[in-house]
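K.L.:
My questions concern the predicted model and sequence given below.
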Amino acid sequence: MNVLVIGGAGYIGSHAVLELCENGHDVTVFDNLSSGHLLNVDSRAEFIQGDILKNDDLNNVFNGKFEAVFHFAALKAAGESMLEPGKYATSNITGTINILNKMLENNMKYFIFSSTAAVYGMPEYLPVDEKHPINPINFYGYTKLAIENLLHWYSNLKGIRFGALRYFNAAGYDIQGRIKGLEKNPANLLPVVMESAIGIRDTMDIYGDDYNTPDGTGIRDYIHVNDLAIAHVRALNYIVENQENLTLNLATGKGYSVLEVIKNIQEIIGKKINCKIIDRRPGDPAELIAVSNLANEKLNWECKYSDINAILQSMWNVYSKE
C-alpha cells in the first residue's frame with residue numbers, strides 16, 4: 001500500500017516507518033522535525049517536511065496517491081498539557097481534524113492513530129484492559145480521547161476505518177540498531193535515565209518513594225518500540241481485511257519500579273546513576289500495568305522484545321555512542 005506516516009521522523013513513528021518498509025509498503029514521511037530526526041527516516045521512504053497546522057503544507061503532501069495514514073504527530077508531555085491546554089488542543093485535536101478532512105478530500109479510508117494509556121486516568125483495577133473506565137486526569141490524555149471520539153464519528157458518518165492503539169510506556173531502540181537519533185527533551189523515565197548515564201544530566205529526579213509498592217517507587221509497564229511498530233502494521237492489515245475499527249491496548253502486563261529500572265541500567269553500564277527523591281507528581285498512580293489480550297486475539301500479536309533488560313540494552317547501544 002501507499003502509506004503516509006505523519007510524524008514519521010519521531011521516536012515511535014520512525015520505528016513504524018522501518019517496519020512498514022520491511023513489509024513492502026511504499027512509505028512517505030511527513031514531519032515538521034520539531035522533535036524528530038531526519039537521520040531516523042528509513043532510506044526507502046520519501047520525506048516531505050511540513051506541519052499539520054499549515055493548510056498549504058497538507059495540500060502539498062495529500063496528492064491522492066495514499067491509501068492509509070499513520071498519525072504520530074502530537075505533543076505528549078502530560079505536565080505541560082496542564083499548563084498550556086491551548087497549545088495541546090491546537091496541536092493534537094485541531095491538527096488531527098486537519099488530517100482527517102484532507103483524507104476525506106482525497107478519498108482515503110484507513111487511519112492508524114497513536115493513542116495513549118492516559119485516556120484511562122487513575123486505575124480502578126489492575127491490570128488495565130480495554131473495558132476499564134475512561135477518565136483522563138491530564139489534558140494530554142483528554143486530547144487523545146477527544147481524537148478517539150472524533151474517529152468514531154468520522155467512521156460512522158464518512159466510512160473511515162481506524163485503529164486506535166493505546167500505549168503503555170514505549171521504550172527501547174531498534175533491536176538491529178538501525179535507528180540512532182535520540183529523543184529531544186524527553187520527559188519519560190527511561191530516556192531520562194540514559195541521559196543521566198551519559199552525563200547530559202548531572203542527576204535525575206525520582207518522583208516519590210512512599211508509594212504502596214515493594215520499594216516505594218512507582219511501577220510501570222514498559223513496551224519495546226519494535227513490538228509497537230509490529231502491532232501498527234498488523235493493525236493496518238486488520239482494518240483493511242476486516243473493514244472493522246480497532247481500539248486496543250499495547251502493553252506487556254508486567255511492571256517494573258523506578259528503582260528496579262535504575263538498578264538494571266546500572267548493572268548494564270557498570271556505574272552509578274545519580275538520583276534524588278523529590279515530591280510525588282499530582283495524579284501519578286502507584287502502579288500502572290495493562291493487558292493486551294485484545295491485540296493478541298485480533299492481531300495475533302504478542303511482545304517479542306519487551307524484556308526490561310533487552311529494552312535497556314537497546315537504548316544503551318544508542319546512548320553510549322553519544
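P.N.:
Sure thing, it's come through.
K.L.:
List the buried residues of the lowest-mean-pLDDT helix or strand in the chain.
P.N.:
The helix or strand of the chain with the poorest confidence is helix 78-83; it has a mean of 90 (mean pLDDT, DSSP states H and E). The neighbour-count check on helix 78-83 (16 or more other C-beta atoms under 10 Å) flags 78, 80-81 as buried. Quick note: C-beta positions are derived from backbone N, CA and C, even for glycine.
K.L.:
And for stretch 209-218?
P.N.:
209, 211, 213, 216-218.
K.L.:
out of those residues, who's nearest V17?
P.N.:
Nearest to V17 among these is G218, at 31.5 Å by C-beta to C-beta.
K.L.:
so after the least confident helix or strand of the chain, what's the next helix or strand?
P.N.:
Toward the C-terminus, helix 78-83 is succeeded by helix 85-88 as the next helix or strand (DSSP states H and E).
K.L.:
re the thing from before, out of the buried residues of helix 78-83, which is nearest to G199?
P.N.:
Checking those one by one against G199 (C-beta to C-beta), the nearest turns out to be E80, at 25.0 Å.
K.L.:
quick one: contacts for the closest one?
P.N.:
87-88, 140 (C-beta atoms under 8 Å, 6 or more residues apart in numbering).
K.L.:
hmm, try it at 10 Å
P.N.:
87-88, 138-140, 187 (C-beta atoms under 10 Å, 6 or more residues apart in numbering).
K.L.:
before we move on, the earlier item: take the buried residues of stretch 209-218 and write them to CSV, including pLDDT.
P.N.:
Below are the buried residues of stretch 209-218 laid out as CSV (pLDDT from 0 to 100):
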residue, pLDDT
D209, 96
Y211, 96
T213, 97
G216, 98
T217, 97
G218, 95
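K.L.:
ok, those vs K109, which is closest?
P.N.:
G218 (40.3 Å).
K.L.:
thought that closest one was touching S257?
P.N.:
Yes. Contact criterion C-beta atoms under 10 Å: G218 and S257 qualify, at 6.7 Å.
K.L.:
intersection of neighbour lists for these two?
P.N.:
Counting by C-beta under 10 Å, 6+ apart, the residues touching both G218 and S257 are 206, 209, 211, 286-287.
K.L.:
any chance of those residues in a markdown table, plus distance to M122 and secondary structure?
P.N.:
Output for the shared contacts of G218 and S257, formatted as a markdown table (distance: C-beta to C-beta, whole Å; DSSP: H, G, I helix; E, B strand; the rest coil):
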| residue | distance to M122 | secondary structure |
| --- | --- | --- |
| I206 | 20 | strand |
| D209 | 20 | coil |
| Y211 | 13 | coil |
| A286 | 10 | coil |
| E287 | 11 | strand |
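K.L.:
Now do the buried residues in the longest helix belonging to the chain.
P.N.:
Ordering each helix of the chain by length in residues (DSSP state H) puts helix 139-158 first. Within helix 139-158, the residues scored as buried using 16+ other C-beta under 10 Å are 139-148, 150-151, 154.
K.L.:
helices or strands up against that helix?
P.N.:
helix 78-83, helix 85-88, helix 95-105, strand 110-116, strand 161-167, strand 246-250 (3 or more C-beta pairs under 10 Å, 6 or more residues apart in numbering; DSSP states H and E).
K.L.:
of all those, which lies closest to L18?
P.N.:
With C-beta to C-beta as the yardstick, what comes closest out of those is strand 110-116 (15.0 Å).
K.L.:
now the angle from the closest one to strand 246-250?
P.N.:
40 degrees (axes from the mean of the first three to the mean of the last three C-alpha atoms, to 10 degrees).
K.L.:
For strand 110-116, C-alpha coordinates in PDB please.
P.N.:
Extracted in PDB, the C-alpha atoms of strand 110-116 (Å, rounded to 0.1, in the frame of the first residue of the first chain):
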ATOM      1  CA  TYR A 110      -7.600   3.900   6.600                       C
ATOM      2  CA  PHE A 111      -6.200   5.600   9.700                       C
ATOM      3  CA  ILE A 112      -3.900   4.300  12.400                       C
ATOM      4  CA  PHE A 113      -3.800   6.500  15.400                       C
ATOM      5  CA  SER A 114      -1.100   6.700  18.200                       C
ATOM      6  CA  SER A 115      -3.300   7.000  21.300                       C
ATOM      7  CA  THR A 116      -2.300   6.600  24.900                       C
END
